[in-house]
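*Asks:* can you look at this prediction? I've put the sequence above it.
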Amino acid sequence: MLGTARSREFPGIERLDIQDGAALRDLLRRAQPEITVLAASNPNVDFCERDPAQTREINVEATLDVARAVSEVGGTLVFFSSDYVFDGSRPYFVENDPVAPLNEYGRQKAEAERGVARLAPRYLILRISGVFGWELARKNFVLQILDRAHEKNQIKVARDLWYHPTYAPNLAGVLEGLFASGARGVYHAAGADEFSRFDFAVEIARCFSLDERRIEPARFQDILGVAPRPARSSLRSVRLDPSAQNGLCGARDGLLDMRRTQGEWVQYLEEYGVATKGIGGGA
Ligand SMILES: NC(=O)c1ccc[n+]([C@@H]2O[C@H](COP(=O)([O-])OP(=O)(O)OC[C@H]3O[C@@H](n4cnc5c(N)ncnc54)[C@H](OP(=O)(O)O)[C@@H]3O)[C@@H](O)[C@H]2O)c1
């Protein structure tokens with residue numbers, strides 16, 4: 001197994017900017033991977049809306065170049081796409097529903113999906129939604145709420161955006177199952193329960209013993225940026241087998257598992273000298 005990162009230094013992780021086609025091909029030739037998992041992207045929905053040209057470079061052009069480079073060495077390409085390829089016009093979306101993105105990020109993901117399917121002889125496209133769990137970058141919704149819980153201001157959260165928060169370790173389990181069965185094509189993988197962002201934030205506060213009165217409901221137009229968003233972006237799968245579906249827990253169970261593993265995560269960060277303020281550590 002070989003992992004790469006662009007800007008982050010970490011033991012055992014190689015540096016790679018996927019926009020450097022020569023470095024990308026050199027690494028793939030050396031590694032000859034059976035499976036290449038492409039998670040690199042710019043998933044900032046509002047930034048994509050403001051700067052389509054810059055974000056297309058990574059979300060579309062570089063993604064397609066990875067598909068070309070993987071096809072040169074063989075093996076399977078895994079690409080993460082998004083619930084935002086849909087417009088929210090139905091209560092939920094399954095794999096073969098037509099895509100109809102409302103914003104630039106969704107359009108870029110939909111275009112990248114088509115390119116991956118065209119260029120990579122063997123591919124797996126996993127459409128995912130609201131992934132949360134312990135992570136170094138502290139960007140996911142749960143870690144943002146935990147970080148902001150120590151501010152004095154109220155935390156305004158959209159009550160009119162609904163989705164299926166998905167616990168990252170569950171997603172890893174789904175991927176393992178798909179690899180083991182040699183699955184190909186498009187799959188949806190999202191957590192079992194639908195939540196509004198506001199209700200999920202309240203659940204986070206309860207689970208981590210924070211003051212839930214600090215969480216205030218708001219309309220997404222008043223607090224998020226410029227990009228239009230589907231009010232409901234629920235993914236369901238008609239392709240995942242029942243054991244994989246059952247492996248995708250509800251958001252509460254994911255939060256409880258985060259709480260259970262909080263001490264181990266803080267210890268892990270402290271070993272690597274990473275700040276742990278806001279998630280149970282002292283620094
Ligand atoms: N998280 C979700 O809830 C969610 C939902 C739907 C779909 N997805 C999709 O899942 C994938 C992963 O999302 P994420 O939330 O993990 O994103 P993320 O936290 O923003 O991570 C994206 C990573 O891509 C790296 N990257 C950007 N440009 C790169 C380049 N030119 N070369 C190499 N690496 C580059 C970034 O590296 P730096 O740290 O150096 O900037 C960053 O570590 C994306 O395709 C996203 O669209 C995620």
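*Replies:* That came in fine, so what should we check first? Residues are numbered from 1 along each chain as shown.
*Asks:* bridged to the residue in the stretch 101-250 of the chain that the ligand sits nearest to, which residues?
*Replies:* Nearest residue of the stretch 101-250 of the chain to the ligand: Val131, at 3.7 Å (Cβ to the nearest ligand atom). C-betas here are computed from N, CA, C, even on glycine. In this entry, Val131 is beta-bridged to Thr166, by DSSP bridges.
*Asks:* was I right to think it contacts Leu143?
*Replies:* No - applying Cβ atoms under 8 Å, one finds Val131 not in contact with Leu143, separated by 11.3 Å.
*Asks:* give me every residue in this protein lying close to the ligand.
*Replies:* 6-8, 16-19, 39-43, 58, 62, 80, 82, 128-131, 137, 139 (Cβ under 6 Å from any ligand atom).
*Asks:* repeat that for 8 Å
*Replies:* For the chain, the residues in contact with the ligand (Cβ under 8 Å from any ligand atom) are 4-8, 16-20, 38-44, 58-59, 62, 79-84, 105, 109, 127-132, 135, 137, 139-141, 166.
*Asks:* from these, which would you call buried?
*Replies:* 4, 16, 18, 38, 40-43, 58-59, 62, 79-84, 105, 109, 127-132, 140-141, 166 (16 or more other Cβ atoms under 10 Å).
*Asks:* returning to that earlier point: keep only those of the residues of the chain next to the ligand that are in strands.
*Replies:* 4-5, 38, 79-82, 127-128, 131-132, 166 (DSSP state E).
*Asks:* any chance of those residues in TSV, plus distance to Ile279 and pLDDT?
*Replies:* What follows is those, written out as TSV (distance: Cβ to Cβ, whole Å; pLDDT from 0 to 100):
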residue	distance to Ile279	pLDDT
Thr4	26	96
Ala5	21	94
Leu38	28	98
Phe79	30	98
Phe80	25	98
Ser81	29	98
Ser82	26	98
Arg127	29	98
Ile128	23	98
Val131	17	98
Phe132	13	98
Thr166	20	97
